[in-house]
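S.K.: Turn this into a structure:
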Amino acid sequence: MTHLVSVHQAYWRNYLNNAAQALCGGVQMSENKLRETDASVQEFIDGVENKTRRNDAYVLLDLMKKVTGTEPKMWGTSIIGFGKSHYRYESGREGDEPRVGFSPRKANLAIYVLSRDQNNDDLLARLGKHKSGVACLYVNKLADIDLKVLEELIARSWKASFEASGASK
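M.R.: Numbers count the residues shown, from 1 in each chain. Model prediction:
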């Protein structure tokens with residue numbers, strides 16, 4: 001089901017447009033780079049060099065599977081996503097994106113579960129050591145945060161992604 005872009009979705013597209021501009025010498029790509037692929041999630045996680053980050057990725061994988069009830073898919077080359085949401089700009093540009101996800105990056109874990117459409121201040125105050133952006137949390141290691149609170153954030157975001165799109169679960 002299509003819907004107008006939420007702030008959460010806008011983050012994904014801005015991220016991709018910025019990456020495309022950097023890769024193409026400032027020329028904006030007309031095609032979205034964030035696409036679901038057939039790449040192996042397990043092989044991707046197994047390839048994460050930092051042992052703590054790799055182990056944390058498996059914990060996040062299990063937690064997101066539990067909350068969403070769906071199997072993970074690779075999106076692009078480095079994002080593990082759950083579910084799929086279709087968006088369409090008023091201009092007509094459209095595409096798909098994961099409803100929630102994460103990326104075990106070198107510097108930290110990026111966990112895509114936030115939106116300005118939601119008020120998560122209550123949970124973020126209890127989460128533990130983290131930084132947040134428009135649509136994601138940045139966590140150095142899962143030992144720094146309360147996993148029960150993270151589980152609540154994932155569940156809230158998952159539910160909100162369906163409400164925003166008008167889709168059923």
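S.K.: From here on, just use CA atoms for contacts and neighbour counts.
M.R.: Fine.
S.K.: D146 contacts L124, doesn't it?
M.R.: No. Assessed by Cα atoms under 8 Å, D146 is found out of contact with L124, at 10.1 Å.
S.K.: More neighbours: the two, which one.
M.R.: Remark: of D146 and L124, L124 carries more neighbours, 18 against 14, as counted by other Cα atoms under 10 Å.
S.K.: what about the helix or strand where that one lies, distance to the chain center?
M.R.: Here L124 sits within helix 121-127, counting by DSSP states H and E. Offset of helix 121-127 from its chain centre (Cα atoms, centre = their mean, to the nearest Å): 18 Å.
S.K.: Outside of it itself, list whatever touches it.
M.R.: Helix 121-127 is contacted by residues 145-147, 149-150, 152-153 when judged by Cα atoms under 8 Å, 6 or more residues apart in numbering.
S.K.: What count of nearby residues applies to the residue lying closest to L114 once chain neighbours are set aside?
M.R.: Leaving aside its chain neighbours, L114 sits nearest to A135 (4.3 Å; criterion: Cα to Cα, 6 or more residues apart in numbering). Burial of A135 is recorded as 20 neighbouring residues (other Cα under 10 Å).
S.K.: what do you get for the one 4 residues further on?
M.R.: Close neighbours of V139, defined as other Cα under 10 Å, add up to 20.
S.K.: backbone phi and psi for it, please?
M.R.: Main-chain torsions, V139, degrees, to the nearest 10: phi -130, psi 130.
S.K.: same check, this time on the one 4 residues further on
M.R.: With angles defined as degrees, to the nearest 10, A143 shows backbone torsions of phi -60, psi -20.
S.K.: where are the low-confidence patches of the chain?
M.R.: Counting by pLDDT under 70, the ranges of the chain that qualify are 1-32, 116-117, 165-169.
S.K.: Where do the helices of it begin and end?
M.R.: 7-23, 41-46, 51-68, 121-127, 147-165 (DSSP state H).
S.K.: Among those, which comes closest to I80?
M.R.: Nearest to I80 among those is helix 41-46 (6.9 Å), distances taken as Cα to Cα.
S.K.: just checking, what packs against the closest one?
M.R.: Applying 3 or more Cα pairs under 8 Å, 6 or more residues apart in numbering; DSSP states H and E, one finds that helix 41-46 makes contact with helix 51-68.
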